[in-house]
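Participant: build the 3D model from these lines:
(2 chains)
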There are 2 protein chains.
Amino acid sequence: MNAVVIISGGMDSVTLAYYLKYEHDEIEDWTYLSFDYGQRHHKELQYAAFHANKLGANHYTISLKPVAMLLARSGSVLVDYSVPVPEGHYAEESMKSTVVPNRNSIMLSIAVGVAVAQEAEFVAAGMHAGDHFIYPDCRPEFVEAFNTAEQLGNQGFWPGRIIAPFVEITKTDIVRIGTGLNVPYEHTWSCYKGEAVHCGKCGTCVERKEAFEQAGVKDPTTYE
Amino acid sequence: MNAVVIISGGMDSVTLAYYLKYEHDEIEDWTYLSFDYGQRHHKELQYAAFHANKLGANHYTISLKPVAMLLARSGSVLVDYSVPVPEGHYAEESMKSTVVPNRNSIMLSIAVGVAVAQEAEFVAAGMHAGDHFIYPDCRPEFVEAFNTAEQLGNQGFWPGRIIAPFVEITKTDIVRIGTGLNVPYEHTWSCYKGEAVHCGKCGTCVERKEAFEQAGVKDPTTYE
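Facilitator: Have a look, this model is predicted:
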């Protein structure tokens, strides 16, 4: 039995990998998929590879650069480098510029294609409740509707399903779960900027700090 | 106003392009997307470019080769060149080997991403009733469910929708519509093999011949 996990190298998807490994000992082969959609930096992808190696998973990084060129028109800071990375809390309007058009749908579609090809039990992704406000493609209703569509689109070819175990919990809960599973968070990357250390100011850094604080867990991250 | 059309260079999507151009004169800019997912040959992509040029559309061919490597494991003849192309009618069991895992979902997800980035009115794709038997991702219930998922996944970012105007009609009907619109079918490609002329024997050639016959339209195709 095998399964496919979408992993970025950030805290959420890395915790997901450890969580699934712990929860699903019936899965013998893990396939981790990372995506290069033309993001500003690739620091997190190195961490994805690190954890794949640690957990004995196959790891593929899929280049979607030809797609990114077309998506970059949208003024998303993650793919359009002319837009400055906004600072401050996720809940602010400016964070909308961190949306990559249809990102989760694109990644999930490809992951399901791989899962059909490998007859995988499931495709797992790490979206969580803290993402719901800004990112519509992280909401449970999207995941559910998308899973329904994929079941219909692969009827007779795939008995699997899409799972998002963290979709109803917060990043703080994720840190708690991961700490219980000894996830080495110093080997994860959140910051939208790709400097030597986390900037501590962009939306995802602010969220990262908050999650450790609220979980009452020592934050191993070096911030600028 | 602009719109995105998925076009392969085959009869169905080429007819779709002419049909949409005729039906939607409110659309000023057309973006045609073709996909190179590692298929055996690229003859049809040249025809896609030909019609884009004729109809004044922007045309992008998106390479999904890194994805194709992973999908090729499935034993689909279209991406796994070690499997011979089956001959005979589509309705036969062997034609299942012509399924590319989750192809329409992958192409539609990317097309919707582009549509969100461009604030396009719609994404159009050319699946038709004759595909339903073999390909679950060509069925109306898939298109509808997928559209629902994409609406949810892009809530607040995309007022558009996915349309599949031919999803309930047959290839014969498509030939009738296209003939009325003067579609130059000699500049379309169906054959799964990529030889100098259409083989006349593979599932899609058999289907092509039948569509012209049943529509009572002279078939301009040269078969081997």
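
Participant: chain A: helices as residue ranges?
Facilitator: Along chain A, counting by DSSP state H, helices occupy A:11-23, A:43-55, A:65-71, A:103-118, A:140-153, A:171-180, A:203-215.

Participant: contacts only, for the spatially closest residue to residue A:127 that is not a sequence neighbour.
Facilitator: Distance criterion C-beta to C-beta, 6 or more residues apart in numbering or on different chains; nearest residue to residue A:127, sequence neighbours excluded, is residue A:138 at 3.8 Å. In short, each C-beta sits where N, CA and C put it, glycine included. With contact set as C-beta atoms under 8 Å, 6 or more residues apart in numbering or on different chains, residue A:138 has these partners: A:104, A:127, A:128, A:131, A:132, A:167.

Participant: sorry, back to before: which of the helices of chain A comes out lowest on mean pLDDT?
Facilitator: When these are compared on average pLDDT, helix A:65-71 comes out lowest at a mean of 79.

Participant: pLDDT score assigned to the residue nearest to residue A:127?
Facilitator: Residue-level pLDDT assigned to residue A:138 equals 94.

Participant: look up how far residue A:183 lies from it.
Facilitator: 20 Å (C-beta to C-beta, to the nearest Å).

Participant: how about the residue lying farthest from the centre of chain A: what's its closest non-neighbour residue?
Facilitator: In chain A, residue A:156 marks the outermost C-alpha relative to the chain mean, sitting 28.6 Å out by C-alpha atoms, centre = their mean. With sequence-adjacent residues excluded and distances taken as C-beta to C-beta, 6+ apart, residue A:156 is closest to residue B:136, at 6.3 Å.

Participant: how deep is that neighbour tucked in, by neighbour count?
Facilitator: 21 (other C-beta atoms under 10 Å in any protein chain shown).

Participant: go on, residue A:66?
Facilitator: As a measure of burial, residue A:66 has 18 neighbours, counting by other C-beta under 10 Å.

Participant: with residue A:139 instead?
Facilitator: If we define neighbours as other C-beta under 10 Å, then residue A:139 has 21 of them.

Participant: before we move on, what about residue A:62?
Facilitator: 18.

Participant: right, and it touches residue A:34 too?
Facilitator: Yes - judged on C-beta atoms under 8 Å, residue A:62 makes contact with residue A:34 at a distance of 7.2 Å.

Participant: which of the helices of chain A sits most buried?
Facilitator: The highest mean neighbour count among the helices of chain A, using mean count of other C-beta atoms under 10 Å in any protein chain shown, belongs to helix A:103-118: a mean of 26.

Participant: tell me the helices and strands packed up against the longest strand anywhere in chain A.
Facilitator: Ranked by number of residues, the top strand in chain A under DSSP state E is strand A:29-36. Where contact means 3 or more C-beta pairs under 8 Å, 6 or more residues apart in numbering or on different chains; DSSP states H and E, strand A:29-36 is packed against strand A:2-6, helix A:11-23, helix A:43-55, strand A:58-63, helix A:103-118.

Participant: and the contacts of the third one?
Facilitator: Same thing as helix A:43-55. A:7-10, A:13-14, A:17-18, A:21, A:30, A:32, A:34, A:36, A:57-59, A:61, A:187-191, A:194.

Participant: are any of the residues you listed buried, and which?
Facilitator: Using 16 or more other C-beta atoms under 10 Å in any protein chain shown as the burial test, the contacts of helix A:43-55 include A:7-10, A:13-14, A:17-18, A:21, A:30, A:32, A:34, A:57, A:59, A:61, A:188-191 as buried.

Participant: ok, and the closest non-adjacent residue to residue A:48?
Facilitator: Excluding the flanking residues, the one nearest residue A:48 by C-beta to C-beta, 6+ apart is residue A:9, at 3.7 Å.

Participant: I'd say that neighbour and residue A:188 touch.
Facilitator: Yes - the pair formed by residue A:9 and residue A:188 meets the contact definition of C-beta under 8 Å, at 6.4 Å.
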